[in-house]
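Undergrad: give me coordinates for this.
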Amino acid sequence: MTTRHVVIDSPLGELTVAARGNALTGVYFRHHWHPPTAQALGPRVEPGADELLGRAAEQLREYLAGERNQFDVPVALTGDPRHRRVWDLLAGIGYGQTKTYGELAAELGDGTMAYEVGQAVGRNPLSIVVPCHRVVGKDGALTGYAGGLKRKRFLLELEEPAPAVAGKLF
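TA: Numbers count the residues shown, from 1 in each chain. Below you'll find the model as predicted:
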């Protein structure tokens with residue numbers, strides 16, 4: 001399978017978007033906590049030269065502009081089984097919703113601790129696409145994020161529902 005990546009500009013800074021074969025495998029911020037190896041990224045290509053990466057880049061731009069609330073590019077998550085179970089739960093957190101690390105641990109139902117969920121969330125290779133930014137600490141507190149708390153806050157604010165209009169115009 002051919003591994004390759006693109007680097008795109010975004011309101012959150014540079015994003016590195018990686019794919020292997022016909023599936024997206026990574027979305028990484030500059031200074032990401034757990035960056036991929038050069039081998040995991042493969043060679044750099046231009047977005048227009050790769051249909052999948054071009055589509056992923058466009059969907060990320062639309063999402064970050066508030067024009068999209070879900071992604072429909074194929075993804076392939078690579079990790080140990082415990083991490084993958086957590087990442088599957090992340091994928092089920094809806095746009096504009098949040099869950100705590102403790103809630104995710106309880107959903108696993110196997111004695112996994114909130115701390116262990118946090119470790120798996122921090123290693124999510126598909127930031128934004130698999131919405132790890134939607135996981136918060138107790139009482140909604142912002143906690144660690146592989147791309148930094150400023151980016152996490154940006155993403156959560158982007159997804160906040162618009163305030164209800166107080167009155168009708170007509």
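Undergrad: strands of the chain, residue ranges please.
TA: Along the chain, the segments classed as strands by DSSP state E run 3-8, 15-20, 23-29, 99-100, 135-136.
Undergrad: next one: the worst-scoring helix or strand of the chain on mean pLDDT to chain centre, how far?
TA: Lowest mean confidence among the helices and strands of the chain (mean pLDDT, DSSP states H and E): helix 38-41, at a mean of 88. Chain-centre distance of helix 38-41: 19 Å, with C-alpha atoms, centre = their mean, to the nearest Å.
Undergrad: first-to-last residue distance for stretch 34-44?
TA: One end of stretch 34-44 to the other measures 19 Å (C-alpha to C-alpha, to the nearest Å).
Undergrad: low-confidence regions, this protein specifically.
TA: Within the chain, the ranges that satisfy pLDDT under 70 run 1, 162-170.
Undergrad: just to revisit the earlier point, residue 42 is nearest to which of the strands of the chain?
TA: Smallest distance to residue 42 across the strands of the chain (C-beta to C-beta): 3.2 Å, for strand 3-8. Where you see a C-beta, it was placed from the backbone N, CA and C, and this is true even at glycine.
Undergrad: domain assignment for the chain?
TA: Domains of the chain are assigned by automatic domain parsing as 3-64, 81-159.
Undergrad: can I get those in a markdown table with mean neighbour count and distance to residue 70?
TA: Formatted as a markdown table, these follow (neighbours: other C-beta atoms under 10 Å; distance: least, C-beta to C-beta, whole Å):
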| stretch | mean neighbour count | distance to residue 70 |
| --- | --- | --- |
| domain 3-64 | 17 | 8 |
| domain 81-159 | 17 | 6 |
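Undergrad: got CSV for these, with distance to residue 72 too?
TA: Shown next, in CSV, are the domains of the chain (distance: least, C-beta to C-beta, whole Å):
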stretch, distance to residue 72
domain 3-64, 7
domain 81-159, 10
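Undergrad: and residue 75, which of the ones you listed is closest to it?
TA: domain 3-64 (4.8 Å).
Undergrad: and that closest one, end to end?
TA: In terms of C-alpha to C-alpha, the two terminal residues of domain 3-64 are separated by 25 Å.
Undergrad: how far off centre is that domain?
TA: So, by C-alpha atoms, centre = their mean, the centroid of domain 3-64 is 12 Å from its chain's centroid.
Undergrad: same question for stretch 131-139.
TA: Centroid separation for stretch 131-139 versus its chain: 12 Å, with C-alpha atoms, centre = their mean.
Undergrad: please apply the same query to stretch 111-123.
TA: Distance, centroid of stretch 111-123 to centroid of chain: 16 Å (C-alpha atoms, centre = their mean).
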